[in-house]
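# Mind folding the following:
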Amino acid sequence: MAEGSGKTALVTGASSGIGKAFAELLAQKGYAVVLTARRGDRLEALAAELREKYQVATHAIVADLAQPNASTQIASALASRKLAIDLLVNNAGYGVPGSYVNVPWLDHERFMQVMVTAVLDLTYRLLPGMIDRGWGRIINIASVAGMVPAPAGHTLYGASKAFIIRFSENGPKGVNATAVCPGFTFSEFHDVTGTRDRMNNMPGFLWLKADDVAREGYVAVMKGRSVVVNGRIYQFLVWLNGALPRSLSGWVSGMAGRRYRKT
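This is a model prediction of the structure:
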């Protein structure tokens, strides 16, 4: 019997990148998968592909997590389809390049809605069912950015990810929660933020594959690890950040930010 047989997983931001990688991995392991994102055409295509390839039930729910009522819509759709979620992947996210005061407040507000509030809201709605059933898994996609000093540019990104890392600690009995912390990962992230040209100058050894991030994150949550840093290079950088004086690690981070990020 497949590992996920009889269980249902929900993946946010499932239409591309790490979210898509998680959706495929979970379908491969036998979970029924519920996919949610803004782009309905991509969701339906992926749902059909996974259903045919892995012979699992798939569902697509179109929702924009930047809207305050998105979690309500998702929960209502789950209830109408009589779907109980056993494994939740809070993956949806993006970056807002630019210094804090040079970005319109509405952009910051939408960003925090997606990156923090929606994660809390959706988890709050689905966690009680996991507790009642005595089994649940929650994977929150954080970032190495939440573990090192924040450079100029993407001002709130590191702060939001640091929050998610702390939020993932100490899950209730029977429910494992894990913050997955990748570094730069091949996806559409930098196309959305308009920083692709700068990112193309990054050395190849710093880039991770979304499939590897998903696999390592899944293994970590099943083992009950509250935090996993993806890739040996990033594990080393996180260790180095802890070993260096705060002022020095902040200077190094600032140098990297000025080279690769729009401020």
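# Can you show me the helices along the stretch 151-263 of the chain?
In the stretch 151-263 of the chain, helices defined by DSSP state H, counting those that start in this stretch lie at 155-167, 189-193, 196-199, 210-222, 232-243, 246-260, listed in chain order.
# where does the stretch 51-200 of the chain dip in pLDDT?
Scanning the stretch 51-200 of the chain for pLDDT under 70 picks out the ranges 151-153, 186-200.
# Recalculate using a threshold of 50.
For the stretch 51-200 of the chain, applying pLDDT under 50 flags the ranges 190-191, 193-196.
# what's around residue 172, how many residues?
Neighbour count of residue 172, defined by other Cβ atoms under 10 Å: 12. For every residue, glycine as well, the C-beta is placed using N, CA and C.
# can you check the one 10 residues further on too?
When neighbours are defined as other Cβ under 10 Å, residue 182 has 26 of them.
# which non-adjacent residue is nearest it?
Once flanking residues are discounted, residue 182 sits nearest to residue 230: 4.1 Å by Cβ to Cβ, 6 or more residues apart in numbering.
# what's around the one you found, how many residues?
If you count neighbours by other Cβ under 10 Å, residue 230 ends up with 24.
# Quick check: it touching residue 216?
Yes: counting by Cβ atoms under 8 Å, residue 230 does reach residue 216; the two are 5.4 Å apart.
# and for the two, which residues touch both?
By the contact definition Cβ atoms under 8 Å, 6 or more residues apart in numbering, residue 230 and residue 216 are jointly contacted by residue 180.
# the helices in the stretch 1-150 of the chain, which residues?
Remark: helices assigned in the stretch 1-150 of the chain by DSSP H, counting those that start in this stretch are 17-28, 40-54, 70-80, 105-112, 118-133.
# what does the shortest one rub up against?
Pointing back at helix 105-112 there. Residues outside helix 105-112 that contact it (Cβ under 8 Å, 6+ apart): 66, 94, 96, 100, 156, 160.
# can you redo these as CSV with neighbour count and distance to residue 207?
Below are those laid out as CSV (neighbours: other Cβ atoms under 10 Å; distance: Cβ to Cβ, whole Å):
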residue, neighbour count, distance to residue 207
66, 18, 27
94, 17, 18
96, 19, 22
100, 12, 27
156, 19, 23
160, 22, 22
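# hmm, which two among those are most spread apart?
Using Cβ to Cβ, the pair of the contacts of helix 105-112 lying farthest apart is 66 and 100, separated by 18.9 Å.
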